[in-house]
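A.B. asks: Pasting a predicted model and its sequence here:
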Amino acid sequence: MYLFVYGTLKREGVSHQLMESATFVCKTRTSQKYGLIDLGPFPGVLYDLRISLITGEIYNINTELLCKLDDHEGEWYFRSEVEMENGITAQMYFLKDIPSSMKNRSFVIPSGTWEDEMGENTRGVKERILYGKNDLAQGHKDTIAYEVHSNLYLNITNRCSARCTFCIRDISDVVYGYDLWLSREPTLEDMISHLSELDLDKYKEIVFTGFGEPTARLSVLLRITAWLHEQGIKVRLDTNGHAALINPDIDVVKELKQAGMAAVSVSLNAQTEELYEKLCRPVFSGSYQAMLTFARQCIAAGISTRMTVVKVPEIDIDACKKIAKDMGASFFAR
Ligand code: SF4
């Protein structure tokens, strides 16, 4: 039988010695898109995440080796039959889910190709996995850009590093008449191609916002920002301010400044860390301080910075306004 391998069982992989009795057939890719996840020393593939064709190698193996490999892969994986680009049908291992102990250390590999030493460049080629209400929703309209008043809003992800108790996503699928759940995240090419068809000069601002945290897709955000900035268009980022936690190896504010980000609107949403934890339920510990630091760094970098709060009873709007003012940011209560 055929087995398709895409990680450490490949010829250059650290576990390849297990394949001693297997016969190499060919290199190929899957015919369907899946989500290749970097879990550190080894990868996994999520069946329901439609991101890229997965690159790997096909081997001819016997049942005895298959049993041995099932043991090796362990309880985190299941096996399924998959069709390859070249017409071969092969067994392939999939992740049942991201193991909870690895959720903060897992990245999507958009290329679909895993190497033992995955590098991370300054544009965040690997994208950290985060969890929102729906992860990737199926059957929605994929609104990637929408007009409200005189602005154009961009919706590049549904992932978020918080689960705010007041999040509009939990109340409605629709904002200003637009369904913002995505069945798949738009690629950079999707975004540029869509934006190229619009008369961008007519908008006052182009704003990254939508049903998710835009810095969860930092590389795409930076590239679109730079592309718009080159055309003299003002770009704003609406953010929860967790960018440094989502992209720990990247100087996010420096990259935003370099790309030409003109303004940021940071969700403050609480006068104390304790209240923030209760209301915003962030994925990462230290999110409140990280959000404040992000805002301070944006101000220091000369990016126009606004802090916002949602009008809910627990939030002391005057206290939040003072935090923003002391910092040198403008303030808005929604
Ligand atoms: S940060 Fe924004 S998108 Fe994320 S959960 Fe909170 S309100 Fe929703």
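C.D. replies: Yep, that arrived.

A.B. asks: pLDDT weak spots in the chain?
C.D. replies: Within the chain, the set of residues satisfying pLDDT under 70 comprises 103-106, 110, 116-140.

A.B. asks: can you list the residues of it near the ligand?
C.D. replies: If contacts are counted using Cβ under 6 Å from any ligand atom, the residues of the chain sitting beside the ligand are 160, 162-164, 167, 169, 212-213, 240, 267, 280. C-beta here means a position set from N, CA and C on the backbone, and glycine is covered the same way.

A.B. asks: Quick check on those: which are buried?
C.D. replies: 160, 162, 164, 167, 169, 212-213, 240, 267, 280 (16 or more other Cβ atoms under 10 Å).

A.B. asks: tell me which of those residues is nearest to Lys33?
C.D. replies: Each of these was checked against Lys33 using Cβ to Cβ; the closest is Gly212, at 19.9 Å.

A.B. asks: Assign a three-state SS to the closest one, would you?
C.D. replies: coil (DSSP: H, G, I helix; E, B strand; the rest coil).

A.B. asks: tell me the contacts of it?
C.D. replies: Applying Cβ atoms under 8 Å, 6 or more residues apart in numbering, one finds that Gly212 lies in contact with 132, 155-160.

A.B. asks: hmm, back to that, from the residues of the chain next to the ligand, which is closest to Asp142?
C.D. replies: Of all those, the one sitting nearest Asp142 is Gly212; the distance, using Cβ to Cβ, is 13.2 Å.

A.B. asks: Helices of the stretch 51-200 of the chain, start to end?
C.D. replies: Secondary structure of the stretch 51-200 of the chain (DSSP state H, counting those that start in this stretch): helices located at 63-73, 188-196.

A.B. asks: Just give the nearest non-adjacent residue to Arg223, would you?
C.D. replies: Closest residue in space to Arg223, ignoring its immediate chain neighbours: Leu188 at 5.4 Å, by Cβ to Cβ, 6 or more residues apart in numbering.

A.B. asks: The one you found and Leu221 touch, don't they?
C.D. replies: No - between Leu188 and Leu221 no contact is recorded; they are 9.6 Å apart, counting by Cβ atoms under 8 Å.

A.B. asks: the more surrounded of these two?
C.D. replies: Neighbours were counted for Leu188 and for Leu221 using other Cβ atoms under 10 Å; Leu221 has more, 29 against 17.

A.B. asks: Now tell me what touches the one helix or strand the more buried one maps to from outside.
C.D. replies: Element membership of Leu221 [criterion: DSSP states H and E] is helix 218-230. Defining contact as Cβ under 8 Å, 6+ apart, one finds that helix 218-230 is touched by 123-125, 127, 154, 156, 186-188, 191-192, 195, 200, 206, 208, 214-215, 235, 237, 243, 246-247, 250, 252, 255-256, 258-262.

A.B. asks: what about 7 Å?
C.D. replies: Under the contact criterion Cβ atoms under 7 Å, 6 or more residues apart in numbering, helix 218-230 has outside partners 123-125, 156, 188, 191-192, 206, 208, 214-215, 235, 247, 250, 252, 255, 259-261.

A.B. asks: Kindly report the same for stretch 193-207.
C.D. replies: Applying Cβ under 7 Å, 6+ apart, the contact partners of stretch 193-207 are 144-145, 150-154, 228, 231, 233-236, 238.

A.B. asks: one more time with 6 Å, if that's ok
C.D. replies: Counting contacts by Cβ atoms under 6 Å, 6 or more residues apart in numbering, the residues outside stretch 193-207 that touch it are 144-145, 150-153, 228, 233-236, 238.

A.B. asks: in the stretch 51-200 of the chain, which spans are strands?
C.D. replies: Taking DSSP state E, counting those that start in this stretch as the test, the strands found in the stretch 51-200 of the chain are 52-60, 77-83, 89-95, 107-108, 127-128, 145-148, 151-154, 174-175, 178-179.

A.B. asks: out of the ones you listed, deepest packed?
C.D. replies: Ranked by mean neighbour count, the strands of the stretch 51-200 of the chain are led by strand 127-128 with a mean of 23 (mean count of other Cβ atoms under 10 Å).

A.B. asks: just to revisit the earlier point, any chance of the residues of the chain next to the ligand in CSV, plus distance to Gly87?
C.D. replies: Conversion of the residues of the chain next to the ligand to CSV gives the following (distance: Cβ to Cβ, whole Å):
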residue, distance to Gly87
Cys160, 40
Ala162, 45
Arg163, 44
Cys164, 47
Cys167, 45
Arg169, 41
Gly212, 37
Glu213, 40
Asn240, 46
Ser267, 50
Cys280, 49
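
A.B. asks: Just the closest of these to Cys26, please.
C.D. replies: Distance to Cys26, by Cβ to Cβ, is smallest for Gly212 among the residues of the chain next to the ligand, at 38.5 Å.

A.B. asks: need the helices of the stretch 51-200 of the chain in JSON lines with distance to Tyr47, can you?
C.D. replies: Supplementary listing: the helices of the stretch 51-200 of the chain in JSON lines, determined by distance: least, Cβ to Cβ, whole Å:
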{"stretch": "helix 63-73", "distance to Tyr47": "14"}
{"stretch": "helix 188-196", "distance to Tyr47": "23"}
